[in-house]
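J.: Predicted model and sequence below, questions to follow.
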Amino acid sequence: EVQLVESGGGLVQPGGSLRLSCAASGFTFSSYAMSWVRQAPGKGLEWVAAINSGGGSTSYADSVKGRFTISRDNAKNTLYLQMNSLKPEDTAVYYCAKFDGSGWAYGMDYWGKGTLVTVSS
């Protein structure tokens, strides 16, 4: 059974940093691209970042480019999102998602339950 479990969310002041983690199990983690997607209160889903199966290629939404970094440790079956220079508009539930292939040309087929990030003073 595929499981994706996010952690690391919380309350942070504007300008602060957080690192989210996503522990993956039930599939060969190193064979699949992964992504972070967020949903702000009262809004739709917004794709944030993606990384290919080997970790050598990444892609970011314009809204987070230069502030967020996606990475993965295939030996630990874990995906990360380092978030710096956080803004109130980054407040959202952040979801980890698995692509159905090694790159992000494939669709996302599994999602975690999410972790809440609140950016507020």
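T.: Perfect, thanks for sending it.

J.: What is the lowest-mean-pLDDT helix or strand in the chain packed up against?
T.: Every helix and strand in the chain was compared by mean pLDDT, DSSP states H and E; the lowest is strand 108-111, with a mean of 94. Judged by 3 or more Cβ pairs under 8 Å, 6 or more residues apart in numbering; DSSP states H and E, the packing partners of strand 108-111 are strand 34-39, strand 92-99. C-beta here means a position set from N, CA and C on the backbone, and glycine is covered the same way.

J.: Now do the buried residues in the shortest one.
T.: Yep, that's strand 34-39 we're talking about. Neighbour counts using 16 or more other Cβ atoms under 10 Å place 34-38 of strand 34-39 among the buried residues.

J.: Would you mark the buried spots in the least confident helix or strand of the chain?
T.: By 16+ other Cβ under 10 Å, the buried positions in strand 108-111 come out as 108, 110-111.

J.: ok, Thr78 touching Cys22?
T.: Yes: assessed by Cβ atoms under 8 Å, Thr78 is found in contact with Cys22 at 6.6 Å.

J.: Between these two, which has more neighbouring residues?
T.: Using other Cβ atoms under 10 Å as the criterion, Thr78 and Cys22 rank with Cys22 on top: 26 against 18.

J.: Kindly state the beta-bridge partners for Gly10.
T.: Val117 (DSSP bridges).
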